[in-house]
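A.B. asks: For reference, the sequence and a predicted model appear below.
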Amino acid sequence: MKCAIAKPFSGFPFLALALCLIMSGAVSAQKKKKYIVNAYVGGFRGLANVEQIDAEKLTHINYAFVNVQDSMAVLTNLATDSTNFRKLNALKKINPDLKIVISIGGWAWSENFSDAVLTESSRLKFAKSSVDIVRQYDLDGVDIDWEYPGMRGEEGNIFRPEDKQNFTLMFKAIREELNLLEKEKGKKYLLTTAVGGSKSFIEHTEMGLAQAYLDYVLIMTYDYGGRNGTVGHHTNLYDYDPSGEGSSADRSVKNFIAAGVPAHKIGLGGAFYGKGWEAETADNHGLGAKRVKSVQGGGYTKLKDTMIDQNGYKKYYDKKAKAPYLFNDSTKVLITYEDEKSIKGKCKYIKKNKLAGIFFWEYFNDPKEYLINEIHKNLD
């Protein structure tokens, strides 16, 4: 908004300027998003193309990932991580309300969480090292992506029954360190977590207790797949399984609310990538067939530009699941993914159920912003 001092105020420039600033502030307040739009941005590959990020359409960026080693949060590539932090912080010139948060763990770097939070002293060490990164690089908080407490996750991960209680105690320790930083800096810091969408995740944690220390619980409502080794949707909003026991975003949200997580803290997950499987038969366009093997899916921009209704793939839409998919009759390959229609449906679901907002993995899987633009249109 540009401020022009009109002639009636020419004798009162300070009054005119004050009114102008108030009006500008009112416009700014109106533009501030009601819902979170949280993008995971991968820094594990090296330097991120930060200049390609449309910062005005986001509220939060979770930088993925920070490793866990020797009971500490560790930047594994200091040169690229520090450069990425500097460039991400520069996006605040475009969007002053944008929050930059470090995400610790992820699928490949969760093997040492159990050891890191096993004792009071190790938890304190982990919490301090996590918050020290936030302090050093002038960031806005910590996100924990432990895949998974009390369960294996990636082959070779350390896990133990005590993870259930230590998961909660970890957040308590980090929150206390962030509280100290808040007193030191005079600003609010975020503590969030990305959680698995399965009921087993809830059974191996104390989400009702843990949520007290958390600003947001980001439910990874993707990577589902069919039951018992069958081909199915990976990021569907509703259940489509005839048994009524399939996985869906709706079921995950209801399970977490039942476990004690308030709806207003829940972020719904969007997948900016597809997953593919070769089906044993072409019956029902592959849905429900036995999986033969995994097949590369790819990011949404690639899917939309090169595969949807192209190269032997035909697009279908499952009205019950509220999810699109592609099927190739000759290769029997099914690709399950998120599109503009399914994202719009998730945005509607967020509003209807008064959730915190949406998050997605991963920003650069959709460089043409097909899905980001849809979120921006439907979740303001």
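C.D. replies: Thanks, I have it.

A.B. asks: so how far is whichever strand or helix holds Val37 from its chain's centroid?
C.D. replies: Using DSSP states H and E, Val37 falls within strand 36-42. Offset of strand 36-42 from its chain centre (Cα atoms, centre = their mean, to the nearest Å): 6 Å.

A.B. asks: What is it packed up against?
C.D. replies: Other helices and strands packing on strand 36-42, by 3 or more Cβ pairs under 8 Å, 6 or more residues apart in numbering; DSSP states H and E, are strand 60-69, strand 216-220, strand 357-361, helix 370-378. No exception for glycine: its C-beta is placed from N, CA and C like everyone else's.

A.B. asks: Just put the ones you listed in CSV and tack on distance to Gln136.
C.D. replies: Converted to CSV, these look like this (distance: least, Cβ to Cβ, whole Å):
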stretch, distance to Gln136
strand 60-69, 12
strand 216-220, 23
strand 357-361, 25
helix 370-378, 30
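
A.B. asks: To Ile335, which of those lies closest?
C.D. replies: helix 370-378 (15.6 Å; Cβ to Cβ).

A.B. asks: What lies in contact with that closest one?
C.D. replies: Helix 370-378 is contacted from outside by 37, 39, 54, 57, 270, 272, 300-301, 304, 338-340, 343-344, 347-348, 358, 360, 363, 366, using Cβ atoms under 8 Å, 6 or more residues apart in numbering.

A.B. asks: change it to 6 Å
C.D. replies: Val37, Lys57, Phe272, Tyr300, Lys304, Glu340, Ile343, Lys344, Cys347 (Cβ atoms under 6 Å, 6 or more residues apart in numbering).

A.B. asks: Mind checking which of those residues are in helices?
C.D. replies: Counting by DSSP state H, these place Tyr300, Lys304, Glu340, Ile343, Lys344, Cys347 in helices.

A.B. asks: just to revisit the earlier point, can you list the helices and strands packed on strand 36-42 in TSV and add mean pLDDT, mean neighbour count and distance to Asp309?
C.D. replies: Output for those, formatted as TSV (pLDDT from 0 to 100; neighbours: other Cβ atoms under 10 Å; distance: least, Cβ to Cβ, whole Å):
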stretch	mean pLDDT	mean neighbour count	distance to Asp309
strand 60-69	98	24	32
strand 216-220	99	24	29
strand 357-361	99	25	24
helix 370-378	98	19	15
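
A.B. asks: got the residue ranges for the helices in the stretch 1-150 of the chain?
C.D. replies: 13-31, 78-90, 113-116, 120-136 (DSSP state H, counting those that start in this stretch).

A.B. asks: what number of residues lie near the nearest residue to Val261 once chain neighbours are set aside?
C.D. replies: Closest residue to Val261 apart from its sequence neighbours, by Cβ to Cβ, 6 or more residues apart in numbering: Gln211 at 4.7 Å. Gln211 has 21 neighbours, counted by other Cβ atoms under 10 Å.

A.B. asks: and Gln211, that one's in a helix?
C.D. replies: Yes: the assignment for Gln211 (DSSP: H, G, I helix; E, B strand; the rest coil) places it in a helix.

A.B. asks: Distance check, it against Ile257.
C.D. replies: As judged by Cβ to Cβ, to the nearest Å, Gln211 and Ile257 stand 10 Å apart.

A.B. asks: Same question for Gly225.
C.D. replies: Computed as Cβ to Cβ, the Gly225 to Ile257 distance reads 23 Å.

A.B. asks: And for Gly286?
C.D. replies: 33 Å.

A.B. asks: Where does pLDDT dip in the stretch 101-250 of the chain?
C.D. replies: In the prediction, the stretch 101-250 of the chain carries no residues with pLDDT under 70.

A.B. asks: picking that back up, and for the strand holding Val37, what's in contact with it?
C.D. replies: 48, 58-64, 356-357, 359, 361-363, 375.
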